[in-house]
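# What shape does this take:
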Amino acid sequence: MTPPSFPEVHLKHLNAVISLVGIFSAFLVFTLHPASAGSDRILTSTGLGPVRIGMTVPQAEKALGKKLKPLDTTDGISSESCWPTSSADGIDDWLVYVIENGKIVHVEVQDARPGKIPTIIPSVKTEKGIGIGSSKEQIRKQYGSSLKVHDPDEDSDGEYMMILDDDKLHGIFFEIEEDKLKGFYAATAESIMESADCSE
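Alright, predicted model coming up:
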């Protein structure tokens, strides 16, 4: 049996070293940035991941590293001053940004893109672990007396609750149907109180 030549042995060792370096690099990235991926799945009152309330569309696109496109709507909620947009690549299509006067006023997490049947449950949650499908009782338990009931529209079948920051400038709005969370969004307090949803 002919022993392996030096170049063959050297190549095997080199491949092993490259593999170990790759594993170690990945470990360092995870160690130094353990919450980077997770933070993109936590909705706060000021936004989700790199997208913040108050950003323009170009700023949000730069933060996300991809394009946004206006949603096609047939129910009359779009206008030149207020319109919804989402990722142009169709990824995470349950995530909608509402643009009003050129800036993001809502970052919405829904059980499905408007007009579509839900196919997945979004993994996004609030800092207290509330997400699509959470019960009304779970929401009340997590937010307690600071949770406020929001008067629903006359033609709405849902129930609405909100939680405002201490500074009263931002908040999270919850949309409940059949005692389950159907959608929730981060927004400015002003847009929550005015029910800004591009419908006016």
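# For whichever strand or helix holds V109, list the C-alpha coordinates in PDB.
Secondary structure from DSSP states H and E places V109 in strand 103-110. These are the backbone C-alpha positions of strand 103-110, laid out as PDB (Å, rounded to 0.1, in the frame of the first residue of the first chain):
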ATOM      1  CA  LYS A 103     -42.800  58.700   6.800                       C
ATOM      2  CA  ILE A 104     -43.400  55.400   8.500                       C
ATOM      3  CA  VAL A 105     -46.200  55.800  11.200                       C
ATOM      4  CA  HIS A 106     -47.000  52.100  11.700                       C
ATOM      5  CA  VAL A 107     -45.000  48.900  11.600                       C
ATOM      6  CA  GLU A 108     -47.700  46.300  11.400                       C
ATOM      7  CA  VAL A 109     -47.500  42.500  12.100                       C
ATOM      8  CA  GLN A 110     -50.600  40.700  10.700                       C
END
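# Which strands and helices lie in contact with it?
Under the contact criterion of 3 or more Cβ pairs under 8 Å, 6 or more residues apart in numbering; DSSP states H and E, the helices and strands touching strand 103-110 comprise strand 47-48, strand 51-52, strand 95-100, strand 180-188. For glycine as for every other residue, the C-beta is placed from the backbone atoms N, C-alpha and C.
# Mind putting these into TSV with mean neighbour count, distance to I139 and mean pLDDT?
Formatted as TSV, these follow (neighbours: other Cβ atoms under 10 Å; distance: least, Cβ to Cβ, whole Å; pLDDT from 0 to 100):
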stretch	mean neighbour count	distance to I139	mean pLDDT
strand 47-48	21	18	96
strand 51-52	18	23	96
strand 95-100	21	20	92
strand 180-188	22	7	93
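# how about CSV for those, with distance to Q142 added?
Compiled in CSV, the helices and strands packed on strand 103-110 are given as follows (distance: least, Cβ to Cβ, whole Å):
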stretch, distance to Q142
strand 47-48, 18
strand 51-52, 23
strand 95-100, 22
strand 180-188, 11
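# Could you point out which of those strands sits nearest G131?
Shortest separation from G131 across these is recorded for strand 180-188, at 7.0 Å, computed as Cβ to Cβ.
# Helix or strand next in line after the closest one, which one?
Per DSSP H and E, strand 180-188 leads on to helix 189-193 as the next helix or strand towards the C-terminus.
# now for that following helix, which elements pack on it?
With contacts taken as 3+ Cβ pairs under 8 Å, 6+ apart, helix 189-193 sits against strand 159-164, strand 170-177.
# can you do 10 Å?
Packing partners of helix 189-193 (3 or more Cβ pairs under 10 Å, 6 or more residues apart in numbering; DSSP states H and E): strand 103-110, strand 148-150, strand 159-164, strand 170-177, strand 180-188.
# Quick check: neighbours of the shortest one in the sheet, parallel or antiparallel?
Going back to what we said before, that points to strand 148-150. With DSSP bridges as the test, strand 148-150 is paired with strand 159-164 (antiparallel).
# what's the average pLDDT for the strand it pairs with?
When pLDDT is averaged along strand 159-164, the result is 91.
# Since that was my last question, I'll sign off now.
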